[in-house]
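[1] Give me the fold of what follows.
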Amino acid sequence: MARISKKRKEVLKKIEINKKYTLSDASKLVKEISYTKFDSSVDIDVRLGVDPKKANQMVRGVVSLPHGTGKDVRVLALVPPDKEAEAREAGADHVGLDEYIQKIEQGWVDIDIIVTMPSVMAKLGKLGRILGPRNLMPNPKSGTVTMEIGKAVKEVKAGKIDFKVDKEGAIHASIGKSSMEPQKLFENAVELISAINKLKPSAAKGTYLKGVSLSSTMSPGLSVDTKSIPGI
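    Below is the predicted model:
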């Protein structure tokens with residue numbers, strides 16, 4: 001049987017097993033139970049009453065978190081020369097086209113998001129096997145394939161994230177860092193859950209929002225009472 005570290009034992013003492021916390025209380029407690037030496041990520045899991053195998057029950061969208069993710073998002077703008085200055089001024093970390101496509105083909109993926117234009121997408125088809133599994137392929141639905149390159153770069157830098165239900169019917173997303181104030185984590189969570197709630201497929205029957213939990217890197221999850229979420 002694996003030994004439980006002293007820090008984890010202290011963390012477990014603060015959690016009531018089987019308790020459903022209000023979202024506000026969970027946003028405070030998730031900071032207290034973060035015991036990594038680094039500024040850990042605060043993540044949310046939203047379980048939905050959908051069958052993601054059915055096309056008419058797929059849930060996917062974008063949301064701008066009011067307080068950002070707390071993470072420095074590394075953006076690659078794959079653009080032709082006439083758009084390079086716009087991308088750089090907006091804050092893109094890497095800007096270019098063919099040379100970066102070649103780097104990715106050779107295995108370079110030291111980025112978080114790729115922003116590009118419709119005219120470039122044909123060149124990215126061959127990168128699907130590399131970008132697809134890492135969720136890096138640009139997509140018009142998430143706003144990362146656009147003519148407004150500068151705007152797209154600024155939005156993802158400021159905390160715009162895209163989310164998608166997985167094959168288990170859940171959405172996982174990072175809503176901040178453990179160093180952020182509880183109120184900011186709370187407001188980010190509300191914004192994301194509200195966006196998910198608005199996307200309820202008409203084909204989904206029964207309870208849509210089945211469960212919500214908050215956790216930080218390596219911490220146990222805190223179950224949230226969905227009735228405590230404003231606007232739900």
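
[2] where along this structure do the strands fall?
    Under the criterion DSSP state E, the chain contains strands at 41-48, 60-64, 75-78, 94-96, 113-116, 160-164, 170-177, 209-216, 222-224.

[3] What helices and strands are in contact with the second one?
    What it means is strand 60-64. strand 160-164, helix 182-198 (3 or more Cβ pairs under 8 Å, 6 or more residues apart in numbering; DSSP states H and E). Just so you know, the C-beta spots here come from the backbone N, C-alpha and C atoms, and that holds for glycine as well.

[4] Go through it and flag the buried ones.
    Within strand 60-64, the residues that count as buried by 16 or more other Cβ atoms under 10 Å are 61, 62, 63, 64.

[5] for those residues, which one is nearest residue 124?
    Residue 124 lies nearest to residue 62 out of these, by Cβ to Cβ, at 19.4 Å.

[6] In contact with the closest residue to residue 217 other than its chain neighbours, which residues are there?
    In this structure, residue 217 finds its nearest non-sequential neighbour in residue 40, 3.6 Å apart by Cβ to Cβ, 6 or more residues apart in numbering. Contact analysis of residue 40 by Cβ atoms under 8 Å, 6 or more residues apart in numbering lists 34, 177, 178, 216, 217, 218, 219.

[7] In JSON lines, list those along with distance to residue 78 and pLDDT.
    As requested, those are exported to JSON lines (distance: Cβ to Cβ, whole Å; pLDDT from 0 to 100):
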{"residue": "34", "distance to residue 78": "35", "pLDDT": "84"}
{"residue": "177", "distance to residue 78": "28", "pLDDT": "94"}
{"residue": "178", "distance to residue 78": "33", "pLDDT": "93"}
{"residue": "216", "distance to residue 78": "33", "pLDDT": "93"}
{"residue": "217", "distance to residue 78": "30", "pLDDT": "87"}
{"residue": "218", "distance to residue 78": "34", "pLDDT": "81"}
{"residue": "219", "distance to residue 78": "36", "pLDDT": "85"}
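
[8] Residues in a beta bridge with the residue positioned nearest the centre of the chain, which ones?
    For the chain, the residue nearest the mean C-alpha position is residue 173 (3.6 Å; Cα atoms, centre = their mean). Assessed by DSSP bridges, residue 173 has beta-bridge partners residue 44.
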